[in-house]
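what follows is a predicted structure for the sequence shown.
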Amino acid sequence: QVRLVESGGGSVRPGQSLTLSCTISGVTPYYYSIGWFRQAPGKEREGISCISSARTSPYYADSVRGRFTISGDVSKKTVYLQMNNLKPEDTAVYSCGLVISGLTVCHTDSIMRYWGQGTQVTVAS
């Protein structure tokens, strides 16, 4: 059974940092696409960063490029999202999604097959 578990969320002040972790169990895929998504109240889920066995570099949404960094290794079962210079507009529930397929477009939530339960990130002064 494939399972994703996010951790590392919390409440911080603007300008501070957080690192989220997505721990994978039940599968060690050779071909994969895994991404971080977030959903703020009243808004649609947004794909903010992803890596894929079909890509040579990560994807970042414009809203987080230069502030967030995705890292980790699916074969080592953990993928991270380092979030620096957090802003109030980053407040959302953050989730990781996985599909056992190497896709060059990996930031679309409809392609993900497995999801974690999400972790809350709140940025407020």
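That came through, no problem.

name the helix or strand for the most centrally placed residue in the chain, please.
Centroid check for the chain by CA atoms, centre = their mean gives residue 36 as the closest residue, at 1.7 Å. Under the criterion of DSSP states H and E, residue 36 resides in strand 33-39.

and after that strand, which helix or strand comes next?
strand 46-52.

list the helices and strands that next one packs on?
strand 33-39, strand 59-60, strand 68-73 (3 or more CB pairs under 8 Å, 6 or more residues apart in numbering; DSSP states H and E). C-beta: built from backbone N, CA, C; applies to glycine.

what strands flank the shortest one, and is each parallel or antiparallel?
Sheet pairing for strand 59-60, assigned by DSSP bridges, gives strand 46-52 (antiparallel).

quick revisit: doesn't residue 48 make contact with the residue nearest to the centre of the chain?
Yes. Counting by CB atoms under 8 Å, residue 36 touches residue 48, with 5.4 Å between them.

what sits in contact with each of these two?
residue 68 (CB atoms under 8 Å, 6 or more residues apart in numbering).

would you mind measuring from the closest residue to residue 27 other than its chain neighbours to residue 25?
The shortest distance from residue 27 to any non-neighbouring residue, by CB to CB, 6 or more residues apart in numbering, is to residue 2 (4.8 Å). Residue 2 sits 7 Å away from residue 25, going by CB to CB, to the nearest Å.

count of residues packed around the residue nearest to residue 27?
By the criterion of other CB atoms under 10 Å, residue 2 has 13 neighbours.

understood, closing this out.
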